[in-house]
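**Q** Let me see the structure of the following:
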Amino acid sequence: MRRSRHLNRGELWELGALMGLLVLLFFGLSLFWRMGHIPRLLASGESLRPATKTNAIRPAVQVMPTAIHPASPEKRTAPAIQPNVVRSVVRAQPAVRRPVLKRMVHRGFWYHGRYFVPWEHLRLVVTSYAPDRFCCWPYPGTTTASGKSVWTNDGHLVAADTRLIPMGMMVRVPGYDADRPVPVLDRGGAIKGYRLDVLSPTLWQAQHWGRKLLMVEIYRPVAHP
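**A** Numbering: from 1, shown residues only. Alright, predicted model coming up:
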């Protein structure tokens with residue numbers, strides 16, 4: 001009876017390597033099969049086979065596409081809209097305009113039996129003075145250049161260059177006398193050109209007014225309204 005011998009270490013390594021290669025080959029073939037490479041290779045091998053006699057006699061049949069002609073209305077698709085076309089369409093829509101609030105302009109008014117209407121607008125440098133000797137020296141400051149008292153119209157009047165705004169005109173100065181028209185009844189040596197001086201009751205109020213650049217509305221008298 002023949003005794004079986006034990007494999008030495010070298011033979012065990014060779015057997016293990018062979019088993020490992022077989023396992024790797026099996027996993028590689030299964031992976032290729034799952035990915036579809038092997039079926040494609042088989043199909044390509046069949047297509048490379050030489051045509052038989054029956055295949056050569058069979059007439060070639062041309063497969064026509066089943067899609068309907070683009071001119072048919074059933075499958076007609078809308079053209080793609082470009083972004084620039086969308087922007088132009090949005091801009092072409094009429095915008096909703098908000099109502100414009102216009103400032104109420106005085107059309108005309110009566111003052112001491114005379115009717116005044118708007119004449120023009122002037123941008124003037126507007127300062128202020130008080131009816132005392134500090135502002136009106138060497139005059140006492142109780143009477144205007146027109147001969148009327150400084151308390152005419154409750155002390156609300158202006159001094160102007162009468163070559164630009166004649167005496168007796170009416171002006172509306174923003175922020176003075178609640179924006180009501182006041183008469184031009186005075187003039188001064190320093191009030192020349194596009195200057196205007198509004199009358200304040202005290203020197204402190206005149207200094208507090210300061211120096212302003214304002215758009216002044218001027219009114220002129222008319223014979224008949």
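
**Q** Mind giving me the packing neighbours of the strand ranked longest in the chain?
**A** Using DSSP state E, we find that the single longest strand of the chain is strand 114-129. Packing partners of strand 114-129 (3 or more CB pairs under 8 Å, 6 or more residues apart in numbering; DSSP states H and E): strand 109-111, strand 195-199, helix 203-209, strand 212-222. In short, each C-beta sits where N, CA and C put it, glycine included.

**Q** can you rerun that using 10 Å?
**A** strand 109-111, helix 133-136, strand 158-160, strand 170-172, strand 195-199, helix 203-209, strand 212-222 (3 or more CB pairs under 10 Å, 6 or more residues apart in numbering; DSSP states H and E).

**Q** so of those, which one's packed in deepest?
**A** strand 158-160 (a mean of 27; mean count of other CB atoms under 10 Å).

**Q** which other residues reach it?
**A** 122, 124, 126-129, 136, 144-146, 165-167, 169-171, 173, 176-177, 182-188, 190-199, 216, 218 (CB atoms under 10 Å, 6 or more residues apart in numbering).

**Q** model confidence over that strand, on average?
**A** Averaged over strand 158-160, pLDDT sits at 96.

**Q** Flag the shaky bits of this structure, pLDDT-wise.
**A** 1-5, 36-106, 137-138, 140, 224-225 (pLDDT under 70).

**Q** can you list the domain ranges for it.
**A** Domain segmentation of the chain under automatic domain parsing yields 12-45, 109-222.

**Q** picking that back up, give the buried residues for the longest strand of the chain.
**A** 116, 118, 119, 122, 124, 126, 127, 128, 129 (16 or more other CB atoms under 10 Å).

**Q** Just want the angle from it to strand 212-222.
**A** On the basis of axes from the mean of the first three to the mean of the last three CA atoms, to 10 degrees, strand 114-129 is oriented at 160 degrees to strand 212-222.

**Q** strand partners of strand 114-129, parallel vs antiparallel please.
**A** Paired strands of strand 114-129, with direction, are strand 109-111 (antiparallel), strand 195-199 (parallel), strand 212-222 (antiparallel) (DSSP bridges).

**Q** Nearest to residue 20, out of the ones you listed?
**A** Nearest of the strands paired with strand 114-129 to residue 20, taken as CB to CB: strand 212-222 at 99.5 Å.

**Q** can I get the buried residues of strand 114-129 in CSV with distance to residue 10?
**A** Listed next are those as CSV, based on distance: CB to CB, whole Å:
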residue, distance to residue 10
116, 129
118, 122
119, 125
122, 119
124, 118
126, 118
127, 120
128, 121
129, 126
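
**Q** Farthest pair within the residues you listed?
**A** 118 and 129 (26.2 Å).

**Q** What spatial separation is found between residue 6 and residue 12?
**A** 9 Å (CB to CB, to the nearest Å).

**Q** OK, contacts around residue 6?
**A** So residue 6 contacts residue 12 (CB under 10 Å, 6+ apart).

**Q** what number of residues lie near residue 147?
**A** 7 (other CB atoms under 10 Å).

**Q** What of residue 23?
**A** Neighbours around residue 23, by other CB under 10 Å: 10.

**Q** And for residue 153?
**A** Neighbour number of residue 153 under other CB under 10 Å is 19.
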